[in-house]
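A predicted structure for the sequence below; I have some questions about it.
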Amino acid sequence: RKEVEQDPGPFNVPEGATVAFNCTYSNSASQSFFWYRQDCRKEPKLLMSVYSSGNEDGRFTAQLNRASQYISLLIRDSKLSDSATYLCVVTIYNFNKFYFGSGTKLNVKP
Amino acid sequence: DTAVSQTPKYLVTQMGNDKSIKCEQNLGHDTMYWYKQDSKKFLKIMFSYNNKELIINETVPNRFSPKSPDKAHLNLHINSLELGDSAVYFCASSQGGSVTDTQYFGPGTRLTVL
């Protein structure tokens, strides 16, 4: 079983739509969580960290559900420029391990 | 003002050759990483160095050898290239050696082995 799993998509949504992705992780010892964004043929860039209490950054909201072992990313009022692949990252601090998901592709259409 | 740079950006070579990819960061970070991203977009950590010392060494064929001459540079040498080595290789850096530190990625090196 993979450490981190994501629905590869693609999620095709119109501009202005709200879209949400989940990322499940298998190791209950996982401690820190992040969302990275990767544009086509570019490098990944940190989008936001995911805090236990949930956090928001403009149109983006990240949440953590430890009981069900998943994190989520919600994007409101989607823009064309949000089209990208969204990678989740799960870390296990005590074992100095981190794992990237294979990403969820989002296409925002006019 | 490039933060993390890699050379070359594209590398096309024959099976059996030996090649190197170079990475430099000007962020003053202590830790650098090499990742491989395959055709399915799965990003897998290969190595990590903290202040020139190897701290992460995942299961990677020993044809791959990282070298860190100083903490601003981490190069990757690959011997006897195979078809399966074709991928995008990303270098990254972070301030400290913790897995929770934000990582800053280079633009990637697209390696094609023919």
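Sure, I can see it.

quick one, strands of chain A?
In chain order, chain A shows strands spanning A:4-6, A:11-14, A:19-25, A:32-38, A:44-50, A:55-57, A:60-65, A:70-75, A:84-92, A:97-100, A:104-109, with DSSP state E as the criterion.

hmm, stretch B:38-56 in reach of chain A?
Yes: residues of stretch B:38-56 contacting chain A under C-beta under 8 Å from any C-beta of the partner chain: B:Lys40, B:Lys41, B:Phe42, B:Leu43, B:Lys44, B:Ile45, B:Ile55, B:Ile56. The C-beta positions use only the backbone N, C-alpha and C, and glycine is treated the same way.

take those residues and keep only those in strands.
Here DSSP E is the test, and these give B:Leu43, B:Lys44, B:Ile45, B:Ile55, B:Ile56 as lying in strands.

quick one: contacts for the third one?
To tie it back to what came earlier, the one meant is B:Ile45. Contacts for B:Ile45 (C-beta atoms under 8 Å, 6 or more residues apart in numbering or on different chains) come out as A:Phe98, A:Phe100, B:Tyr33, B:Trp34, B:Tyr35, B:Ile56, B:Glu58.

separate out the buried members of those residues.
By the neighbour-count criterion of 16 or more other C-beta atoms under 10 Å in any protein chain shown, the contacts of B:Ile45 include these buried positions: A:Phe98, A:Phe100, B:Tyr33, B:Trp34, B:Tyr35, B:Ile56.

mean pLDDT lowest for which of the strands of chain A?
Across those, strand A:97-100 has the smallest mean pLDDT, namely a mean of 86.

around chain B, pick out the residues from chain A.
Counting by C-beta under 8 Å from any C-beta, chain A comes close to chain B at A:8, A:31-32, A:34, A:38, A:41-46, A:85, A:87, A:91-93, A:96-98, A:100, A:102-103.

separation between B:Asn79 and chain A?
Taking C-beta to the nearest C-beta, to the nearest Å as the measure, B:Asn79 and chain A are separated by 26 Å.

right, and that residue touches B:Ser20 too?
No: counting by C-beta atoms under 8 Å, B:Ser20 is not a contact partner of B:Asn79; they are 10.0 Å apart.

next one: the closest residue to B:Tyr10 other than its chain neighbours relative to B:Val88, how far apart?
What sits nearest to B:Tyr10 in space, not counting adjacent residues and going by C-beta to C-beta, 6 or more residues apart in numbering or on different chains, is B:Arg110, at 5.1 Å. Relative to B:Val88, B:Arg110 is positioned 5 Å away (C-beta to C-beta, to the nearest Å).

re the thing from before, TSV for the buried ones among the contacts of B:Ile45, including distance to A:Lys2?
Compiled in TSV, the buried ones among the contacts of B:Ile45 are given as follows (distance: C-beta to C-beta, whole Å):
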residue	distance to A:Lys2
A:Phe98	14
A:Phe100	11
B:Tyr33	20
B:Trp34	21
B:Tyr35	16
B:Ile56	19
